[in-house]
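**Student:** all I have is the shape, not the residue letters:
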């Protein structure tokens, strides 16, 4: 990234992450974001729009787009306090110089006010089921700027600010990253304990949602209006935003039955490197209840939450997990997906590969003979990895059944798929 791009990126992200408020009597959520699109290398062209996360409002829609020198980039952000949802989508089309890039951040901070039945006495602790949902996709072939190691980060938090450091204090938080292309649909569920402080303070909850794209270089990311919070409220309990807007949660997502094993996720150290709670400054809302005017600046966290599948989404099945050596290490890689059909008795040429090759069997049985090793046979629905720089031949040993395979190969650009051994 050029020095100019570095400066613009740093300024844009910092503008969205400055959370310290100078004080206001306005009564609404704090919603802000940064949308930065760059194209054409250096100097190229750019479009950056920023609304600080200190901005008092209930809704945000922010867009940026640019195109020059055969490259283009665009980003759209969204946040809404009434539905407690945030989202973003971005596209980048880099040329040979990899000059396109999208950086984006969107955040929502709000204080929910609960209306309780008269039967809920002062001091009562209500344990309320809460779910955070996140679904969207990263298009196949997408890539991020070297050094970022992921496409998107996210933070969901809900807590009771009235409990101080009592034994009942609880913050339910989920943080993580999306680092691979493909569809993504998860639900993070748990319990939040909230206390009723009586007629003057009632029951409240502080909510925060953040999404961040650190540096999309090519392809597309679509998580627009897909990050939401759901509460399963007891009978007679309702919620309004700090503005007084009714908060609608829709239908809570279905979570796995006890004993089920959800798919694990890949997590990384999240966001920027400090967490400082701005103390002492608070603002009054219209009903006299207090609200923080500053919060932590995107906490530096690592966690391993379970992830549940939403109804109607496909759940991947793990077929093969293997540690390999010899993968490409250059800044750019080429991914190839090939198919091959073997008639009964067919075989491959005697060959080697420069990088590992993954073979998935659609039909029949595939036999691989590696020089110096016993033959390996895998059948339909199974997969294997062919090691690099080993002489080999693949066979369909059947005398009557065809063999169909799908081959996945990641390599340096323009590397031959195989090298023939004479």
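**Tutor:** That came through, no problem. Since we're looking at a predicted model, the values are computed, not measured.

**Student:** just checking, what packs against the strand ranked longest in the chain?
**Tutor:** Counting by DSSP state E, the longest strand found in the chain is strand 203-231. Applying 3 or more CB pairs under 8 Å, 6 or more residues apart in numbering; DSSP states H and E, one finds that strand 203-231 contacts strand 71-80, strand 85-93, strand 101-115, strand 125-138, strand 143-144, strand 152-159, strand 182-195. Using the backbone N, CA and C atoms, a C-beta is placed for each residue, glycine as well.

**Student:** save those strands as TSV, and put in mean pLDDT too.
**Tutor:** What follows is the helices and strands packed on strand 203-231, written out as TSV (pLDDT from 0 to 100):
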stretch	mean pLDDT
strand 71-80	93
strand 85-93	93
strand 101-115	92
strand 125-138	89
strand 143-144	91
strand 152-159	90
strand 182-195	87
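
**Student:** residue 30 is nearest to which of these?
**Tutor:** Closest of the helices and strands packed on strand 203-231 to residue 30 is strand 101-115, at 4.2 Å (criterion: CB to CB).

**Student:** helices or strands next to the closest one in the packing?
**Tutor:** In this structure, strand 101-115 makes packing contacts with helix 3-17, strand 30-39, strand 59-68, strand 71-80, strand 85-93, strand 203-231, strand 238-240, judged by 3+ CB pairs under 8 Å, 6+ apart.

**Student:** among the ones you listed, which is the most enclosed?
**Tutor:** Per-stretch averages of neighbours, counted by mean count of other CB atoms under 10 Å, single out strand 30-39 among the helices and strands packed on strand 101-115, with a mean of 28.

**Student:** can you show me the strands along the stretch 301-422 of the chain?
**Tutor:** With DSSP state E, counting those that start in this stretch applied, the stretch 301-422 of the chain shows strands at 334-342, 351-352, 357-363, 365-370, 376-379, 383-386, 392-395, 403-411, 419-420, listed in chain order.

**Student:** in its sheet, what does the last one sit against?
**Tutor:** Using DSSP bridges, the neighbouring strands of strand 419-420 in the sheet come out as strand 351-352 (antiparallel).

**Student:** name the nearest residue to residue 417, ignoring sequence neighbours.
**Tutor:** Of all residues not flanking residue 417 in the chain, residue 409 sits nearest, at 6.1 Å (CB to CB, 6 or more residues apart in numbering).

**Student:** now do the end-to-end distance for stretch 141-159.
**Tutor:** Terminal residues of stretch 141-159 are spaced 38 Å apart (CA to CA, to the nearest Å).

**Student:** re earlier: partners of the longest strand of the chain, with directions?
**Tutor:** The sheet places strand 203-231 alongside strand 85-93 (antiparallel), strand 101-115 (antiparallel), strand 125-138 (antiparallel), strand 143-144 (antiparallel), strand 152-159 (antiparallel), with pairing taken from DSSP bridges.

**Student:** I'd like those laid out as a markdown table, including distance to residue 196.
**Tutor:** Converted to a markdown table, those look like this (distance: least, CB to CB, whole Å):
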| stretch | distance to residue 196 |
| --- | --- |
| strand 85-93 | 27 |
| strand 101-115 | 8 |
| strand 125-138 | 7 |
| strand 143-144 | 46 |
| strand 152-159 | 16 |
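
**Student:** among the strands of the stretch 301-422 of the chain, which is nearest residue 62?
**Tutor:** Ranked by CB to CB, the member of the strands of the stretch 301-422 of the chain that lies closest to residue 62 is strand 334-342, at 32.8 Å.

**Student:** helices and strands around the closest one, which ones?
**Tutor:** strand 403-411.

**Student:** repeat that with 10 Å
**Tutor:** Taking 3 or more CB pairs under 10 Å, 6 or more residues apart in numbering; DSSP states H and E as contact, the helices and strands that strand 334-342 lies on are strand 357-363, strand 365-370, strand 392-395, strand 403-411.

**Student:** show me what the third one is packed against.
**Tutor:** Counting contacts by 3+ CB pairs under 10 Å, 6+ apart, the secondary-structure elements packed against strand 392-395 are strand 334-342, strand 351-352, strand 365-370, strand 376-379, strand 403-411.

**Student:** repeat the analysis, applying 6 Å as the threshold.
**Tutor:** Counting contacts by 3 or more CB pairs under 6 Å, 6 or more residues apart in numbering; DSSP states H and E, strand 392-395 packs against strand 365-370.

**Student:** what angle sits between the strand it packs on and strand 403-411?
**Tutor:** For strand 365-370 and strand 403-411, the angle between their directions (axes from the mean of the first three to the mean of the last three CA atoms, to 10 degrees) works out to 50 degrees.

**Student:** need the pLDDT of residue 231.
**Tutor:** In the prediction, the pLDDT value recorded for residue 231 is 85.

**Student:** that one contacts residue 249, doesn't it?
**Tutor:** Yes - the pair residue 231 / residue 249 is scored as a contact, 5.4 Å apart, by CB atoms under 6 Å.

**Student:** rank the helices and strands packed on strand 101-115 by mean pLDDT and give me the bottom one.
**Tutor:** Of all the helices and strands packed on strand 101-115, helix 3-17 has the smallest average pLDDT, which comes to a mean of 36.
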